[in-house]
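A.B. asks: need coordinates for the below:
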Amino acid sequence: MKKTILLLGVIISTLLLTGCDGNVTRDIRHAGFALSGNEFACSTLMPIDDETPAQETIMYSDGSFAITESGRLYELSLQQPYSNEENCRKISFSVDIIAYMDNKILKGIDNKYYYAPGSSNQPALSEVTTADSEYQIYNLLLSSPTVKKVMTVNTGQGIYYVLEDDGTVYEYTLVQQDNASPYQIQSKIPVYSSSEYGNIIDFNYAGDSTTTYIKTENEIYRMKATNEEECTKYADVACNYKMKKDETLTKYYKEEPKILYYGPSILITTYGKEFTPA
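C.D. replies: Numbering: from 1, shown residues only. Below you'll find the model as predicted:
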């Protein structure tokens, strides 16, 4: 009798958890994401249970590699597992990463710059030297210890968005007098301020697109059309975009089961589901 009761308890708990996961999946799909047929497994980057957090927390990922909050690097294979039966494996690299630019340049704690995995025709994690024609720009934007992330917005106009450790994203404009002159920072103005959104820990910029986002310690904001119904219905009505809090993603940002990681090209839940922006 006791065994029967115990078994029923396990079955009911499993059904409740499965139902809860299904609700999260449904809500994320309604928020504009496509569910992948792949499952994500990584014992280091995923929590064991509600009481046991992950050993490492993903700070940034482009889907092929991940940087953790501790500065370590992991290679990812989202479509099929490695021989360790997981979708991740640690990259043997002795230098912790403290900042990065786009998805191609990494800054180490040694204040040197390295090519990110799969980002160029240069060997992954080889040092960026002054022989690189863009070295001066990398160094100008990443050299400050306050800089955490840089994204290129418009190379022709010299515009870059930069997240600093005060939790604000700034627009930097670089100029040079002529081709022989060094680049200089002409201006630096707040784009997404911590005073308006809270302390920003990550962002992505892709113009007027829902993949443009900012993440604070507690909330996720995405670029959305404020007049979506009209501008998608009528050819002569332009969409007006604004950064708005995403209630669904914010809800599952902290709750269990929750979002393990949300980035420019991938969303992963703590129960192993993968999503991509639809």
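
A.B. asks: so where do the strands sit in the stretch 1-150 of the chain?
C.D. replies: Secondary structure of the stretch 1-150 of the chain (DSSP state E, counting those that start in this stretch): strands at 33-39, 58-61, 65-68, 73-76, 88-90, 97-101, 105-108, 113-115, 147-154.

A.B. asks: low-confidence ranges, the protein, go.
C.D. replies: Counting by pLDDT under 70, the chain has low-confidence residues at 1-19.

A.B. asks: now do the contacts for Gln186.
C.D. replies: Neighbouring residues of Gln186 by Cβ atoms under 8 Å, 6 or more residues apart in numbering: Gly158, Thr173, Leu174, Val175. Just so you know, the C-beta spots here come from the backbone N, C-alpha and C atoms, and that holds for glycine as well.

A.B. asks: hang on, the earlier thing: most packed of the strands of the stretch 1-150 of the chain?
C.D. replies: strand 105-108 (a mean of 24; mean count of other Cβ atoms under 10 Å).

A.B. asks: any idea what the closest residue to Val150 other than its chain neighbours is bridged to?
C.D. replies: Leaving aside its chain neighbours, Val150 sits nearest to Met101 (4.0 Å; criterion: Cβ to Cβ, 6 or more residues apart in numbering). When assigned by DSSP bridges, Met101 has beta-bridge partners Ile105, Val150.

A.B. asks: so what's Gln55 closest to, chain neighbours aside?
C.D. replies: Thr44 is the one closest to Gln55 (Cβ to Cβ, 6+ apart), at 4.9 Å.

A.B. asks: surely the one you found touches Glu56?
C.D. replies: Yes: if you go by Cβ atoms under 8 Å, Thr44 and Glu56 touch, sitting 5.3 Å apart.

A.B. asks: between the two, what contacts are shared?
C.D. replies: Tyr74.

A.B. asks: neighbour count winner among the two?
C.D. replies: Glu56 (20 against 14; other Cβ atoms under 10 Å).
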